[in-house]
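J.: Could you work out the structure for the sequence below:
(one chain, ligands or ions: 1)
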Amino acid sequence: MARAESVFALSNGHVGLRANLDEGEPHGLPGTYLNGVFELRPLPYGEGGYGYPESSQSVINVTNGKIIRLLVDDEPFDLRYGELRSHRRSLDFRDGLLRREAEWTSPAGRTVKVRSTRLVSLTQRAVAAVEYEVEAVDGPVRIVLQSELVANEQLPGGAGGDPRAAAVLEAPLIAEAHHALNSKAVLVHRTRFSGIRVAAGMDHIIEGPEGFESTVESHEDQGRVSVTTVLRPGERLKVVKFIAYGWSATRSLPAVRDQVEAALTAARYTGWDGLVAEQSSYLKDFWDSSDIEIDGDVELQQAVRFAIFHVLQAGARSEERAIPAKGLTGPGYDGHSFWDTETFVLPVLTYCLPGAVNQALRWRHTTLPLARERAGQLGLAGAVFPWRTIRGEECSGYWPAGTAAFHIGADIASAVVRYVRATGDVAFEKEYGLELLVETARMWRSLGHHDAEGQFRIEGVTGPDEYSAVADNNVFTNLMAQSNLRNAAEAATRHQPEAAALGVDTEEMAAWRDAAGAMFIPYDEKLGVHPQADGFTDHQFWDFEGTPPEKYPLLLHFPYFDLYRKQVVKQADLVLAMQLRGDAFTDEQKARNFAYYERLTVRDSSLSACTQAVIAAEVGQLDLAYDYTAEAAMMDLHDLGGNTRDGLHMASLAGACIALVAGFGGLRDHNGTLAFRPRLPSGLRRLTFSMQIRKCLLEVRITHAGTTYTLRRGEALPLTHEGEDLVVRAGTPVTRPIVKPPAQERCGQPPGREPARRQPHAGVAGGGKVGSAPDHLAAE
Ligand code: BGC
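T.: As a prediction, this is how the structure comes out:
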């Protein structure tokens with residue numbers, strides 16, 4: 001159940017509802033999340049140290065507005081009792097509606113049909129709504145519907161294993177006010193330690209046979225509207241429930257309460273049909289410019305649309321708040337945001353929903369004061385962004401994989417540069433982007449140093465691969481820092497008055513350029529590969545042969561000290577450097593490095609398969625790239641990590657899109673121009689995607705015969721295809737043949753860690769076996 005609750009979760013990036021059943025029970029994990037609503041909890045250490053964060057932030061399950069309980073004669077509608085004759089839920093990516101249909105016979109033998117449709121509005125960010133209908137199949141039957149708001153819901157098994165955390169998170173809301181009138185109820189609460197005020201409200205439109213009755217009541221942790229009637233066979237009782245949330249750490253109780261009342265008023269004015277129409281028109285526009293079409297593998301096609309839909313849901317209305325690693329689909333990772341956002345999610349949104357990227361980066365900008373403070377605490381200049389956080393403070397209690405992962409600064413800088421290049425949003429660059437670039441460049445300049453030969457070294461850092469820590473000159477980090485330093489100098493040159501206002505002078509810019517120019521990139525001449533960091537290729541190899549499948553993920557079965565001193569890679573690191581800084585490697589180096597790291601990479605993180613797909617495609621291992629693409633896309637539909645119950649893996653879902661567009665499309669955006677090197681694996685017949693770039697909408701259609709670039713919006717767009725400069729003009733599509741990469745022997749992976757070979761599921765619509773979806777999902 002918990003897995004399906006994540007898969008069918010609805011969100012707009014502001015409000016998130018897990019797909020718990022309307023009647024509240026049974027449930028896997030009840031969840032209603034508001035972006036930025038968290039509780040502080042202590043991070044006690046057995047052995048503390050300077051600069052360790054003292055508290056962490058955990059997303060909390062707020063007031064549940066989804067609940068509509070149903071009493072049939074005198075028995076509660078509960079799937080665990082009586083006979084469930086049919087039950088089906090479906091999520092339609094075109095209209096953003098979660099539909100449910102059930103037919104149930106109560107233990108006493110009364111049969112009803114229940115239909116519900118749920119949405120979280122993409123156009124009215126504080127609003128969710130449910131249309132709920134019960135129909136008597138036989139009868140007459142007495143029906144009571146109870147539509148509720150429930151605060152401090154009991155969570156199954158408490159709030160996790162740690163009793164200290166549970167104490168804070170189990171009943172995190174303190175009641176402040178409640179009221180109810182007619183068909184409406186509002187509850188206001190406050191979190192105990194983080195001091196965030198949360199108001200939740202509901203209002204209803206009820207339709208039923210003449211003479212139905214309704215009452216309303218409110219208590220500290222509960223609001224309830226009850227409706228009762230008697231239904232004869234074929235008669236229906238229908239309730240439209242509007243739900244609204246408002247929250248703030250600063251605004252007064254009346255202000256937050258009134259905000260919710262206002263959102264309910266607007267939703268009621270729009271009406272159910274209006275909300276549905278707005279939703280589908282928003283999504284029509286979105287899909288029109290953002291769909292990725294695949295011909296030849298229907299299961300992958302569905303998975304990729306699932307991925308795009310959830311990435312959209314995570315980012316659409318996050319509006320100056322973070323996009324968490326799980327979006328708002330579950331409590332996994334405590335609701336924290338990581339580099340996942342800037343490195344995986346934002347590159348996708350940049351080309352389909354650029355406004356969301358602007359907002360996400362502005363959120364980072366709002367956290368600059370905290371990041372400067374953190375840098376000061378660590379003895380560094382500029383800004384050090386947290387490895388994991390909700391509001392901006394560092395929440396990682398394990399510094400070798402947290403604070404030492406300084407690359408987060410360059411990841412943010414890289415997202416800024418990509419966004420500005422793709423949109424030409426100079427106002428953003430001046431007001432927000434420049435400062436992010438400057439403060440991160442300052443951090444790199446103070447973290448690294450020039451050695452006796454003048455080379456710039458960055459020592460004691462952790463790269464993306466968390467099976468190595470506190471290493472010197474991690475190639476990914478150094479290359480990303482190099483671009484960060486260069487891009488900061490370039491942006492400061494473009495916007496001199498704004499840069500001067502930040503205290504940047506020509507000397508500082510020269511220092512950044514010098515550091516970038518002298519950046520040390522280790523290379524192992526003997527092996528002809530790049531070590532992931534200094535000395536990595538001299539380390540002992542992990543005993544892959546002697547590691548049975550049940551010992552993965554390794555971090556749960558082996559001590560970090562052993563992982564850290566051996567050649568074993570949790571997730572793409574050097575391989576990611578070859579994607580994001582592909583300009584720093586020759587083709588031959590890419591092929592050799594890829595083969596070398598394939599043997600060592602165990603993919604104990606879901607942030608790996610997509611990157612391996614991209615580089616596999618680049619070096620010509622197209623079938624391997626296809627396998628990895630499918631793995632990234634199926635991460636949650638097939639629950640490959642075994643933890644989809646805690647929420648969806650946003651980076652992997654975004655990564656599936658990256659695997660297709662940057663892998664098979666061969667898109668690189670290292671400099672101002674989009675560069676493509678398209679190619680397809682034998683399993684796919686066609687791949688089509690569109691990208692918004694500046695004022696243009698470019699469509700790229702790839703088949704085995706060739707690639708056609710069509711400008712669907714805009715006048716002219718320069719790009720490169722296999723290194724050839726092209727200008728695509730309105731009304732004149734350009735077609736170029738596919739350049740087949742030289743055939744290569746398939747790289748090997750650690751034994752037992754090979755990706756599943758993709759068997760394309762072409763054209764199996766209508767009764768064919770669709771992939772290997774677990775039965776419970778197929779049944780849903
Ligand atoms: C990965 C990190 C990632 C985090 C959140 C970890 O397992 O190693 O790279 O940021 O999960 O997704």
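J.: In contact with the residue of the stretch 451-600 of the chain found nearest the ligand: list those residues for me.
T.: Residue of the stretch 451-600 of the chain nearest the ligand, by CB to the nearest ligand atom: E466 (4.4 Å). Any C-beta I mention is one placed from the backbone N, CA and C, and that applies to glycine too. Taking CB atoms under 8 Å, 6 or more residues apart in numbering as the criterion, E466 is in contact with 401, 555, 570-571, 605.
J.: May I ask which helix or strand encompasses it?
T.: Counting by DSSP states H and E, E466 is held by no secondary-structure element, helix or strand.
J.: ok, back up a step: need the worst-confidence member of the contacts of E466.
T.: Among the contacts of E466, A401 carries the weakest pLDDT, at 92.
J.: burial of that one, as a residue count?
T.: 19 (other CB atoms under 10 Å).
J.: from what I can see it touches W387, true?
T.: Yes. Between A401 and W387 there is a contact under CB atoms under 8 Å: 7.4 Å.
J.: Just give me the residue right at the centre of this structure.
T.: M650 (2.9 Å; CA atoms, centre = their mean).
J.: need the contact list for that residue.
T.: Residues in contact with M650, defined by CB under 8 Å, 6+ apart, are 310-311, 314, 323-327, 340-341, 344-345.
J.: and if we set it to 7 Å?
T.: Neighbouring residues of M650 by CB atoms under 7 Å, 6 or more residues apart in numbering: 310-311, 314, 325-327, 340, 345.
J.: Please name the bridge partners of the nearest residue to D92 once chain neighbours are set aside.
T.: Residue nearest to D92 in three dimensions, not counting chain neighbours: R99, with 7.1 Å by CB to CB, 6 or more residues apart in numbering. R99 has these beta-bridge partners by DSSP bridges: S90, T117.
J.: R99 and the ligand, how far apart?
T.: 31 Å (CB to the nearest ligand atom, to the nearest Å).
J.: which secondary structure elements does the top helix by length along the chain contact?
T.: In terms of residue count, the longest helix belonging to the chain (DSSP state H) is helix 253-290. Applying 3 or more CB pairs under 7 Å, 6 or more residues apart in numbering; DSSP states H and E, one finds that helix 253-290 contacts strand 111-120, strand 127-136, strand 173-181, strand 184-191, strand 197-207, strand 236-248, strand 686-693.
J.: Reformat those into TSV and put mean neighbour count next to each item.
T.: As requested, the helices and strands packed on helix 253-290 are exported to TSV (neighbours: other CB atoms under 10 Å):
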stretch	mean neighbour count
strand 111-120	21
strand 127-136	23
strand 173-181	17
strand 184-191	24
strand 197-207	23
strand 236-248	24
strand 686-693	21
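J.: quick one, what contacts whichever residue of the stretch 1-150 of the chain sits closest to the ligand?
T.: Using CB to the nearest ligand atom, the closest approach of the stretch 1-150 of the chain to the ligand is made by V59 at 13.9 Å. By CB under 7 Å, 6+ apart, the residues touching V59 are 33, 38, 331, 334-335, 390.
J.: rerun at 8 Å
T.: The contact partners of V59, by CB under 8 Å, 6+ apart, come to 33, 37-38, 324, 331, 334-335, 390.
J.: Most neighbours among the residues you listed, which one is it?
T.: That'd be P324 among those, by other CB under 10 Å, with 33 neighbours.
J.: Spatially nearest residue to L237 (excluding sequence neighbours)?
T.: Among residues not flanking L237 along the chain, G208 sits closest, at 4.0 Å (CB to CB, 6+ apart).
J.: now A360, nearest residue through space, not along the chain?
T.: I323 (5.6 Å).
J.: With Y33 as the reference, measure out to that neighbour.
T.: Distance of I323 to Y33, computed by CB to CB, to the nearest Å: 12 Å.
J.: do E83 as well
T.: 34 Å.
J.: And A441, by the same measure?
T.: Relative to Y33, and taking CB to CB, A441 is found at 35 Å.
J.: quick one, the longest helix of the chain and strand 197-207 angle?
T.: Put simply, helix 253-290 runs at 70 degrees to strand 197-207, going by axes from the mean of the first three to the mean of the last three CA atoms, to 10 degrees.
J.: pLDDT on helix 253-290, on average?
T.: For helix 253-290, mean pLDDT is 98.
J.: Check stretch 525-532 too.
T.: Here the average pLDDT along stretch 525-532 is 98.
J.: Tell me which residues of that stretch come out buried.
T.: For stretch 525-532, the neighbour count (16 or more other CB atoms under 10 Å) marks 529-532 as buried.
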